[in-house]
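K.L.:
Turn this into a structure:
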Amino acid sequence: MFRLGHIEYLLFLVALPLLAWVFWWFMNRQKREWEAFAQNRRSERFLSGRVPQLSWSQFTVVGIVYCLAVFSLCNPQFTSEAQEVEIESSDVFVALDISYSMLGNDMKPNRLTRAKNLAQQTVEALEGNRVGLILFAGEAYMFMPLTSDVSSAITFIQAANVNMAPTQGTAIAAAIDLSMESFDPDTETGKSIVIISDGEDHEQAIDDAVSRAKDENVFIFTVAVGTDAGAYLPGVGRDNYLFGEDGKPVVSRVNEAMLRGIANDTGASAFNLSKERNIDQAIANNVSQMEKQVSEVARFTSYDSIFQYFLLPLLALVLWQFLKPIWSYYRTSKIDKQRV
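P.N.:
Residues are numbered from 1 along each chain as shown. Now for the predicted structure:
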């Protein structure tokens, strides 16, 4: 099978007819000048040598060189071999907290922005695995099912915001349950959940959700987003803070202990976004050690470039054009010496 690696360079061939017209115009102009010059009887005394006239044979050589250069730029290729590759992957759900408390600015610019950035980095680090996205606040919502399309996952992550949650809260148990229901029960591949949250609320149902995940060998990695000092939540009114029923500004603090307990119960790792770096790589390294299963069979075709076969005659023609005047001069000098 033949193909051009950069077919867009063929557009340069459009200039070839224009070059031919320009060459024809100069050739006719030179011809008229020679005819006018030849009518001068004393023209011989002004000639020290014959000026070479333009000819179509010269343009033919230039045109061939030009076409060979264009085809070399296009990188022509032939199929060398085709092979099928089995792609193995694990299944990972990223559960992102979009509750109102994630607008706390104890992590600049705010917790949600930092959490989304980490989620994106984690998805990129997990490339080659199937990744899904779940958003949760008072309830959990399937935002993107398991997929190998990293670019789509990143688009969905960046679109997440607190206005997508009609009810407020931190329903971590609901996020775990929705993840468990969304995994394919017929596959033996490794399964894991990455919870990115401030973990502010504690639900009674969370123990049951974690126990179910543990029984089904699903690892739950947790990332605490926020600081122990906490942050006032933005609101409308006095000082632009959100106020509680007691008339005091609401302070949101991260519940790292609860999140760390979830990860420890399932044999996974817990992280703190305000204290640790390279969390995405750490999660990816853990996932890479899990059991994998063939998720798809991809067919790859390799191509061998043959642009060099166009460059060789191109260089030969250029070299010939360079040596041709030297050879003509040598032959003329030799003939003159024989006459003498």
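
K.L.:
buried residues in the host helix or strand of residue 28?
P.N.:
Taking DSSP states H and E as the definition, one finds residue 28 inside helix 15-38. For helix 15-38, the neighbour count (16 or more other Cβ atoms under 10 Å) marks residue 23 as buried. Heads up, the C-betas are built off the backbone N, CA and C, glycines and all.

K.L.:
Give the rounded mean pLDDT of it.
P.N.:
Helix 15-38 shows a mean pLDDT of 75.

K.L.:
before we move on, what about stretch 132-144?
P.N.:
Stretch 132-144 comes out at a mean pLDDT of 95.

K.L.:
that older thread, who are the packing partners of the helix holding residue 28?
P.N.:
Applying 3 or more Cβ pairs under 8 Å, 6 or more residues apart in numbering; DSSP states H and E, one finds that helix 15-38 makes contact with helix 56-73.

K.L.:
Can you check what angle separates the helix it packs on from helix 15-38?
P.N.:
Interaxial angle, helix 56-73 versus helix 15-38 (axes from the mean of the first three to the mean of the last three Cα atoms, to 10 degrees): 160 degrees.

K.L.:
so what secondary structure elements neighbour helix 56-73?
P.N.:
Judged by 3+ Cβ pairs under 8 Å, 6+ apart, the packing partners of helix 56-73 are helix 15-38, helix 308-339.

K.L.:
Please tell me how far stretch 145-165 is from the chain's geometric centre.
P.N.:
Averaging C-alpha positions (Cα atoms, centre = their mean, to the nearest Å) puts stretch 145-165 16 Å from its chain's average.

K.L.:
buried residues in that stretch?
P.N.:
So for stretch 145-165, counting by 16+ other Cβ under 10 Å, buried means 146, 148, 150, 153, 154, 156, 157, 160, 162, 165.

K.L.:
Hmm, residue 117 and the fifth one touching each other?
P.N.:
Yep, that's residue 154 we're talking about. No - Residue 154 lies out of contact with residue 117 (Cβ atoms under 8 Å); the separation is 10.7 Å.

K.L.:
Widest-spaced pair of the buried residues of stretch 145-165?
P.N.:
Greatest spatial distance among those (Cβ to Cβ): 148 and 162, at 28.6 Å.

K.L.:
And for the closest residue to residue 320 other than its chain neighbours, the neighbour number?
P.N.:
Spatial nearest neighbour of residue 320, excluding adjacent residues (Cβ to Cβ, 6 or more residues apart in numbering): residue 61 at 7.9 Å. Neighbour count for residue 61, taken as other Cβ atoms under 10 Å: 15.

K.L.:
tell me the strands in the protein, going along the chain?
P.N.:
Under the criterion DSSP state E, the chain contains strands at 2-4, 76-89, 91-97, 130-136, 140-147, 191-197, 218-224, 231-232, 251-252, 270-272, 293-305.

K.L.:
Please report the distance of the most centrally placed residue in the chain from residue 89.
P.N.:
Among the residues of the chain, residue 151 comes closest to the average C-alpha position under Cα atoms, centre = their mean, at 7.7 Å. When Cβ to Cβ, to the nearest Å is applied, the distance between residue 151 and residue 89 equals 16 Å.

K.L.:
and if you look at residue 28?
P.N.:
In terms of Cβ to Cβ, residue 28 sits 69 Å off from residue 89.

K.L.:
what does residue 144 give?
P.N.:
Computed as Cβ to Cβ, the residue 144 to residue 89 distance reads 16 Å.

K.L.:
Equivalent analysis for residue 233, please.
P.N.:
Residue 233 is 39 Å from residue 89, where distance means Cβ to Cβ.
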